[in-house]
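1. Output the structure for:
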Amino acid sequence: MTMRAELDRARKYERQGKPGEAVRLYAEVAAALEARGDWASAVAVRGRQARALQDAGRLGEAMRAL
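-> Below is the predicted model:
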C-alpha cells in the first residue's frame, strides 16, 4: 500500500474514533519518510501521530512524538 493510502486509512481511523490504529499507521509512515530523508513530511505526520496519541489519552507519548 502506498504512503498516501496509509495516511488516508489513518485519518479514517481517527474519524471513526480509533486513535490507537491511527497512531500505528502514522508511526509507520513517519518512519518511512524519515528513512527517505523527507523531513518536512515526516514532521507533519509526527504531528498527526501526536494528536492521535493525545486523543487516545497517551499525552506523555504524544509529547515525545513531537
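
2. And the one helix or strand Leu33 maps to, what's buried?
-> Per DSSP states H and E, Leu33 falls inside helix 19-36. Neighbour-count burial for helix 19-36 flags Pro19, Glu21, Ala22, Val23, Leu25, Tyr26, Ala27, Val29, Ala30, Leu33 (criterion: 16 or more other CB atoms under 10 Å). Glycine gets a C-beta too; all of them are placed from N, C-alpha and C.

3. What of stretch 49-59?
-> Result for stretch 49-59 [16+ other CB under 10 Å]: buried residues Gln49, Ala50, Arg51, Ala52, Leu53, Gln54, Asp55, Ala56, Arg58.

4. thought the second one was touching Leu59?
-> No. Taking contact to mean CB atoms under 8 Å, the distance of 9.4 Å between Ala50 and Leu59 leaves them out of contact.

5. Alpha carbons only: can I get stretch 35-50 in PDB?
-> Below are the C-alpha coordinates for stretch 35-50, written out as PDB (Å, rounded to 0.1, in the frame of the first residue of the first chain):
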ATOM      1  CA  ALA A  35      14.300   6.900   6.200                       C
ATOM      2  CA  ARG A  36      13.900   8.600   2.800                       C
ATOM      3  CA  GLY A  37      15.100  11.900   4.200                       C
ATOM      4  CA  ASP A  38      11.800  13.700   3.600                       C
ATOM      5  CA  TRP A  39      12.000  15.600   6.900                       C
ATOM      6  CA  ALA A  40       9.200  18.100   6.300                       C
ATOM      7  CA  SER A  41       6.600  15.500   5.600                       C
ATOM      8  CA  ALA A  42       7.900  13.300   8.400                       C
ATOM      9  CA  VAL A  43       7.400  16.200  10.900                       C
ATOM     10  CA  ALA A  44       3.900  16.800   9.600                       C
ATOM     11  CA  VAL A  45       3.000  13.100  10.100                       C
ATOM     12  CA  ARG A  46       4.600  13.000  13.500                       C
ATOM     13  CA  GLY A  47       2.300  15.900  14.400                       C
ATOM     14  CA  ARG A  48      -0.700  13.900  13.400                       C
ATOM     15  CA  GLN A  49       0.600  11.000  15.300                       C
ATOM     16  CA  ALA A  50       0.900  13.100  18.400                       C
END
